[in-house]
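K.L.:
Sequence plus predicted model, see below.
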Amino acid sequence: MKCHSRSHLIGLALVPVLMLALSACLPNNAPQGSPSPNPAPPVTTATSPAVPTAVDPTAGQPAGPAGPGAPQAEAPVVRWVPIGPIGPNDPTSGQRYLLLQQFQCDALAQSLEGAEDAAVWQAAAAVCKALQSGAQQDWQRASNAVAATPRIPQTQCLEFTVAATSASAIAQHRSNPGVTLKPETAPGEACPRHLSGLTVVDKDLRPVAGTARASGPRSGGTVVRLDGYYVRVGDVLFDGVPAAPEIVAGGGDYETLYLRMPPSDGRDSVRISITDTVDVSGTVTFFYEDSTPASPGATPKTPGTGPSAEPTQSTPPAIPSVGATPTATP
């Protein structure tokens, strides 16, 4: 009896242990809200945690430089100097223009030491530097330099373009203070090649005062100057046909061309045009009039200038330095 009672007690003691083990293996079907009599430890699942909705890191920050970390608004565009010189072997103003066009600001400033016509280029170099640095002190220097630049005539096409570009950049900076400006090459050319007039000159190549049109005797011999902008003259055409007139002076790169007009050969006038390394616009006209003296060295009675006549002066005008496209081959 004693042994049987001991076995019975041991079996009763093991019942709770077996029940606990079975509850761990079976699913918990307890109704919601009622605690499990023997809660199992929490089981980690493979479900990814919820991802919060994306938030713009700059939300609530002001756009532009004022906001820390905020992306700068799209910069206003500054039209930088357009295509101008051909290459580094151009005359002085062409070399300066090329440095400016390529944003070699310091090199441009250094090239101006001792130059008499430095003002417009110094201002351009200062604007160039301000566009690169964006510093307020550089913009102030550039503004002062542009304000001190003398007025440039349009006949100096490179300098005129440089001055206009510099003034435009300063104006845009004032309209957008604290904003970085984005320079982009302006369309077109600084100095489009063209013929603008024809001037009769004397034996010293000085313009002769006269009427509003260039004229000379039918026997020929009148010396004329081709006005406009050109770099390297290829052909001279009379009425659209290549001709071979006598060249009195010029003919080299960036040199003013002077021609001696041939006899009329029955024509009352001749239309003159030229070719260059790129297209040249415009034509000029010479008129044959018997009332004009035949001697090329004498002062004609009725010579004059073409549409863009220039006043009498002691020396022939200098052709503006450069205005060809970089792709043109001299």
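P.N.:
Arrived safely.
K.L.:
ranges for the strands of this protein?
P.N.:
Secondary structure of the chain (DSSP state E): strands located at 77-80, 182-185, 194-200, 215-216, 223-229, 236-238, 241-243, 246-249, 258-260, 269-274, 284-288.
K.L.:
Output those strands in TSV; the columns should cover mean pLDDT and distance to Leu131.
P.N.:
In this view, the C-beta of every residue, glycine as well, is placed from N, C-alpha and C. TSV is the format used below for the strands of the chain (pLDDT from 0 to 100; distance: least, CB to CB, whole Å):
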stretch	mean pLDDT	distance to Leu131
strand 77-80	91	7
strand 182-185	90	6
strand 194-200	90	31
strand 215-216	91	51
strand 223-229	92	28
strand 236-238	93	43
strand 241-243	91	46
strand 246-249	92	42
strand 258-260	95	42
strand 269-274	94	38
strand 284-288	93	40
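K.L.:
how about these, which one is nearest Ala163?
P.N.:
strand 77-80 (13.5 Å; CB to CB).
K.L.:
Only the buried residues of that closest one, if you could.
P.N.:
Across strand 77-80, burial judged by 16 or more other CB atoms under 10 Å covers 78, 80.
K.L.:
Against which helices or strands is that strand packed?
P.N.:
Strand 77-80 sits against helix 157-175, strand 182-185, with contacts defined as 3 or more CB pairs under 8 Å, 6 or more residues apart in numbering; DSSP states H and E.
K.L.:
same thing but 10 Å
P.N.:
helix 119-133, helix 157-175, strand 182-185 (3 or more CB pairs under 10 Å, 6 or more residues apart in numbering; DSSP states H and E).
K.L.:
Serialize the strands of the chain to JSON lines and add fields for distance to Gln110.
P.N.:
Listed next are the strands of the chain as JSON lines, based on distance: least, CB to CB, whole Å:
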{"stretch": "strand 77-80", "distance to Gln110": "20"}
{"stretch": "strand 182-185", "distance to Gln110": "21"}
{"stretch": "strand 194-200", "distance to Gln110": "33"}
{"stretch": "strand 215-216", "distance to Gln110": "49"}
{"stretch": "strand 223-229", "distance to Gln110": "28"}
{"stretch": "strand 236-238", "distance to Gln110": "40"}
{"stretch": "strand 241-243", "distance to Gln110": "45"}
{"stretch": "strand 246-249", "distance to Gln110": "35"}
{"stretch": "strand 258-260", "distance to Gln110": "37"}
{"stretch": "strand 269-274", "distance to Gln110": "37"}
{"stretch": "strand 284-288", "distance to Gln110": "41"}
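K.L.:
Minimum distance to Ser168: which of those has it?
P.N.:
Of these, nearest to Ser168 by CB to CB is strand 77-80, at 6.6 Å.
K.L.:
can you list the residues that contact that closest one?
P.N.:
By CB atoms under 10 Å, 6 or more residues apart in numbering, the surrounding residues in contact with strand 77-80 are 100-101, 103, 127-128, 131, 164-165, 168-173, 176, 181-187.
K.L.:
For PyMOL, write the selection for the buried entries among those.
P.N.:
Under the burial definition 16+ other CB under 10 Å, those of these that qualify are selected in PyMOL by:
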select buried, resi 100+101+127+128+131+164+165+168+169+170+173+181+183+186
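K.L.:
returning to that earlier point: mind checking which of the helices and strands packed on strand 77-80 is nearest Ala244?
P.N.:
Between the helices and strands packed on strand 77-80, helix 157-175 lies closest to Ala244; by CB to CB that is 29.7 Å.
K.L.:
Please name every helix or strand in contact with that closest one.
P.N.:
Against helix 157-175 (3+ CB pairs under 10 Å, 6+ apart) you get strand 77-80, helix 92-101, helix 119-133, helix 136-147.
K.L.:
Alright, calling it a day.
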